[in-house]
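# What follows is a predicted protein model with its sequence.
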Amino acid sequence: IARAIEDVPAKTDWKEILARFISEQAAIDSSWTKPNRRYASQGLILPSLAGQTYGEIVFAADTSRSISPSDVALVASEMLSALSQMELDGKSPEVLAIYCDSEIQGVETLTPFSKPSPKGGGGTDFHPPFDYVDKEGLTPRGLVYFTDGYCDSYPVAPSYPVLWLVIGNYTSFNPPF
């Protein structure tokens, strides 16, 4: 049994990692108008939590030929799931979704009630979504890249955090940033 346990690689649920990444991108606003009463008894005057907002998050989806239709559907479902996690105070969040194989095949703004329409089917290149973000002058709080990892064409590391989520069974994928 010990040998069997050692041979099984530890697998982290990427859905859990995505949820944590989305949560970490939230900007928490504080307010001095109403001091936090929790610390008043200790003689401390600290700001209270005024709200939580999500900055712009971009989803990039690898829609190359090596991604199966069921994996594309899974990615679309996970994008919507992440959006529903971002709902705050009844406000409907929006994210930019970029569908890309060797070039941009589609860009759309998603809300929790959207029906994603991914397009693609060619080769794979990781540059186009990052180039699109730069060209449009966007400053996202983070970018989530769904891919199967079958590519070695990487852009220069951007100034914002990037979460690479590998769908499928390609375990040798090692993103440069």
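Perfect, I can see it now. Residues are numbered from 1 along each chain as shown.
# hey, let's count contacts and neighbours off CA atoms from now on
Will do.
# what separates residue 98 from residue 68, distance-wise?
Here the criterion is CA to CA, to the nearest Å. By it, residue 98 lies 17 Å from residue 68.
# Have a look at the two and say which one is more surrounded.
residue 98 (25 against 15; other CA atoms under 10 Å).
# So the more buried one, which state does it fall into?
When classified by DSSP: H, G, I helix; E, B strand; the rest coil, residue 98 comes out as strand.
# so who does it touch?
By CA atoms under 8 Å, 6 or more residues apart in numbering, the contact list for residue 98 reads 58, 59, 60, 61, 104, 105, 106, 107, 108, 129.
# and what of residue 107?
Neighbour list for residue 107: 96, 97, 98, 99 [criterion: CA under 8 Å, 6+ apart].
# burial measure for the first one, as a count.
Applying other CA under 10 Å, we find 18 residues neighbouring residue 96.
# State the helix or strand in which residue 20 lies.
According to DSSP states H and E, residue 20 maps onto helix 14-24.
# by contact count, what packs against that helix?
helix 69-85, strand 162-166 (3 or more CA pairs under 8 Å, 6 or more residues apart in numbering; DSSP states H and E).
# try it again with 7 Å
On a contact count with 3 or more CA pairs under 7 Å, 6 or more residues apart in numbering; DSSP states H and E, helix 14-24 meets no helix or strand.
# Just the residues contacting it, thanks.
Residues from elsewhere that reach helix 14-24 (CA atoms under 7 Å, 6 or more residues apart in numbering): 82, 165.
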